[in-house]
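S.K.: dropping a prediction and its sequence here:
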Amino acid sequence: MWQAERHQRIRALLGTFGQVGVDRIVTELGVSRETVRRDLKELEEAGVLRRIHGGIVPVQAEGEAPYPERAGLHLREKRAIAEACLRFISPGQTLIIDAGSTTACLSEQLAGLSGLLVFTNSVEVAANLGTDASRARQNRVILLGGDFISAPPSTQGMTTLAAIASIRADLAFSSPYGLSAADGATSMVLEEAEVARAIYASAARRILLADGSKLGRRGRICYATADEPDHIVMDAAAAQSLHFTDLRKLAGTRLIC
């Protein structure tokens, strides 16, 4: 097994279980304990995890609350953003959507449309679009395979990225951790950024969803510059942010509130 694949498997185990013992990693990867120790040391130095006695735990991203808590924040704004996105969508289109609380709200709106083919790595998006009512409207959703993580419930990793690379979508929807004119759309997690970057590369038009709380925040990894999306959709209150003016100057009419 190549080092990159081992590192990805370790991240996936950590994302799924939260805390993982060295013995389990050795068994899951089928490599020596010494190899695992070297991998964990490299991942710790990269800021991916923290080693403890007998195992590893995740490094909590500063300023980022646990996903169940984040999912319940700014729901009114997220739903308004989701509704505003419907203007871009027509029956018969192919969509690709990444995982997050805002895109989960979008999928609730999409379930009321018809004739959509949706690819996603998000379990929530797939569940919202896979209901009997949605299927009766001739909507089809395909959940992309890959390494499962629980927060948000989704897939990621090399298998997911390979699947995305084969897709040719009309529209891609993604929601970042942070957004600013200077730093663009950013994520705190490398694997999430990789998925977002891949779905943008697979679509003819790219749409970024961000409520005002994300303006001025800066994640660790940039996956799109602020002038890259075809549209940036925000809630009306975002215009009150100190960072809004710079973003408006850069994005112009592509920025929709």
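M.R.: Received it, and whenever you're ready, just let me know what you need.
S.K.: for the chain, what are the low-confidence residue spans?
M.R.: Low-confidence segments of the chain, defined by pLDDT under 70: 59-73.
S.K.: what segments of it are helices?
M.R.: Assigned by DSSP state H, the helices in the chain fall at 3-17, 22-29, 33-45, 67-71, 75-85, 101-110, 123-129, 132-136, 158-165, 190-201, 244-251.
S.K.: which one of those lies nearest to residue 92?
M.R.: helix 101-110 (13.3 Å; Cβ to Cβ). Heads up, the C-betas are built off the backbone N, CA and C, glycines and all.
S.K.: counting by contacts, list what that closest one packs against.
M.R.: On a contact count with 3 or more Cβ pairs under 8 Å, 6 or more residues apart in numbering; DSSP states H and E, helix 101-110 meets helix 67-71, helix 75-85, strand 94-97, strand 117-120, helix 123-129, strand 169-174, strand 203-209.
S.K.: can you tell me what sits against it?
M.R.: For helix 101-110, the external contacting residues (Cβ atoms under 8 Å, 6 or more residues apart in numbering) are 67, 70-71, 73, 75, 78-79, 81-83, 85-86, 89, 95, 97, 116, 118, 120, 122, 124-125, 128-129, 134, 139, 152, 173-175, 209-211.
S.K.: check stretch 22-38 too.
M.R.: Where contact means Cβ under 8 Å, 6+ apart, the residues beyond stretch 22-38 that reach it are 1, 6, 9-10, 13, 40, 54-56.
S.K.: could you pull out the buried residues of that stretch?
M.R.: Residues of stretch 22-38 classed as buried by neighbour count (16 or more other Cβ atoms under 10 Å): 22, 25-26, 29, 31, 35-36.
S.K.: so can I have CSV of those showing distance to residue 107?
M.R.: Below are the buried residues of stretch 22-38 laid out as CSV (distance: Cβ to Cβ, whole Å):
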residue, distance to residue 107
22, 38
25, 34
26, 38
29, 34
31, 38
35, 40
36, 38
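S.K.: reformat the helices and strands packed on helix 101-110 as a markdown table; add distance to residue 215.
M.R.: Putting those into a markdown table (distance: least, Cβ to Cβ, whole Å) gives the following:
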| stretch | distance to residue 215 |
| --- | --- |
| helix 67-71 | 16 |
| helix 75-85 | 12 |
| strand 94-97 | 22 |
| strand 117-120 | 25 |
| helix 123-129 | 24 |
| strand 169-174 | 16 |
| strand 203-209 | 12 |
